[in-house]
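**Student:** any chance you can model this:
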Amino acid sequence: MKAPAIRINVSVPKSIVSKLIDRIDLMRDEFMRIKACPGCTDEIRGLCDRAVKSITRNISVIDERDAAIKTSNLALSACHSIKFATENAARHGGDYSLNDLLAADLLAREALGKKARKS
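**Tutor:** You can find the predicted model right below:
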């Protein structure tokens, strides 16, 4: 019978979390190196695979965070592109450049995960 998981909410400084993530990444790399050794037995390979599998499961949160940062950066780029297009239009008497608008639209769609329209 598996013991129930206990959840404890604790506030941890980002520097400590960062160091722990770095340590986990290093451990994963070490398991992969051990697994690649020529004299490594099937039993050791299996142990390394199990260790890496559990590490990967825990690290997936980091992958999600990185994807969110990338999306956020794309959205920010789209905002800058829209701002550029409107400022450029104001300088040219209100005429919008189609290329400026298409670039802004493309960045916004990437940030939202939508396919770009074909022009």
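
**Student:** okay, CA-based contacts and neighbour counts for the rest of this
**Tutor:** Noted.

**Student:** can you give the distance of whichever strand or helix holds residue 55 from its chain's centre?
**Tutor:** Here residue 55 is covered by helix 42-91, with elements defined by DSSP states H and E. Relative to its chain's centre, helix 42-91 lies at 2 Å (CA atoms, centre = their mean, to the nearest Å).

**Student:** please apply the same query to stretch 19-26.
**Tutor:** In terms of CA atoms, centre = their mean, the centre of stretch 19-26 is found 16 Å from the chain centre.

**Student:** buried stuff in stretch 40-51?
**Tutor:** Of the residues in stretch 40-51, 45, 48, 49 count as buried by neighbour count, 16 or more other CA atoms under 10 Å.

**Student:** got the contact list for the first one?
**Tutor:** The one in question is residue 45. If you count contacts by CA atoms under 8 Å, 6 or more residues apart in numbering, residue 45 has them with 34, 35.

**Student:** now swap in the last one and tell me
**Tutor:** For residue 49, the contacting residues are residue 31, by CA under 8 Å, 6+ apart.

**Student:** tell me the SS of the residue of the chain positioned farthest from its centre?
**Tutor:** Using CA atoms, centre = their mean, the residue of the chain lying farthest from its centre is residue 93. It sits 40.9 Å away. Assigned by DSSP: H, G, I helix; E, B strand; the rest coil, the conformation of residue 93 is coil.

**Student:** quick one, phi psi at it?
**Tutor:** Dihedral pair for residue 93: phi 70, psi 30, per degrees, to the nearest 10.

**Student:** spit out the contact partners of it.
**Tutor:** Here residue 93 is in contact with no residue (CA under 8 Å, 6+ apart).
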